[in-house]
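In: just coords:
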């Protein structure tokens, strides 16, 4: 039996329920160029494509950074 809110699709012969629930990560790992002591990250190069989304996808983000600066030293347009 299928869940009453699940959409069903047939890929070959049996019907398969498609769940609309998303998977949520507990922890995300990213590498950034620079971070401040408040947790703001600066990405550069190709890491600007996917790393911001990856960083926000987890409840907790663990970042490896090359440079750590004091809060307020990052320019607003860098973050």
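Out: Ah, there it is. Quick caveat, the model's predicted, so the values are computed rather than measured.
In: rest of the way, CA atoms for contacts and neighbours
Out: Noted.
In: contacts only, for the residue sitting nearest the centre point of the chain.
Out: Nearest residue to the geometric centre of the chain (CA atoms, centre = their mean): residue 54, 2.3 Å. Applying CA atoms under 8 Å, 6 or more residues apart in numbering to residue 54 gives the contacts 28-30.
In: buried subset of those?
Out: 28, 30 (16 or more other CA atoms under 10 Å).
In: quick one: which of the contacts of residue 54 is nearest to residue 69?
Out: residue 30 (17.6 Å; CA to CA).
In: so what's the residue nearest to the centre of the chain scoring on pLDDT?
Out: Looking at residue 54, its pLDDT is 93.
In: and if you look at residue 50?
Out: Confidence score, pLDDT, at residue 50: 94.
In: how far away is it from residue 57?
Out: Residue 50 is 11 Å from residue 57, where distance means CA to CA, to the nearest Å.
In: in terms of neighbours, single out the busier of these two.
Out: residue 57 (17 against 11; other CA atoms under 10 Å).
In: check contacts around the more buried one.
Out: Contacts of residue 57 (CA under 8 Å, 6+ apart): 24-25, 28.
In: can I get these in CSV with secondary structure?
Out: Converted to CSV, those look like this (DSSP: H, G, I helix; E, B strand; the rest coil):
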residue, secondary structure
24, coil
25, strand
28, strand
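In: great, nothing more from me.
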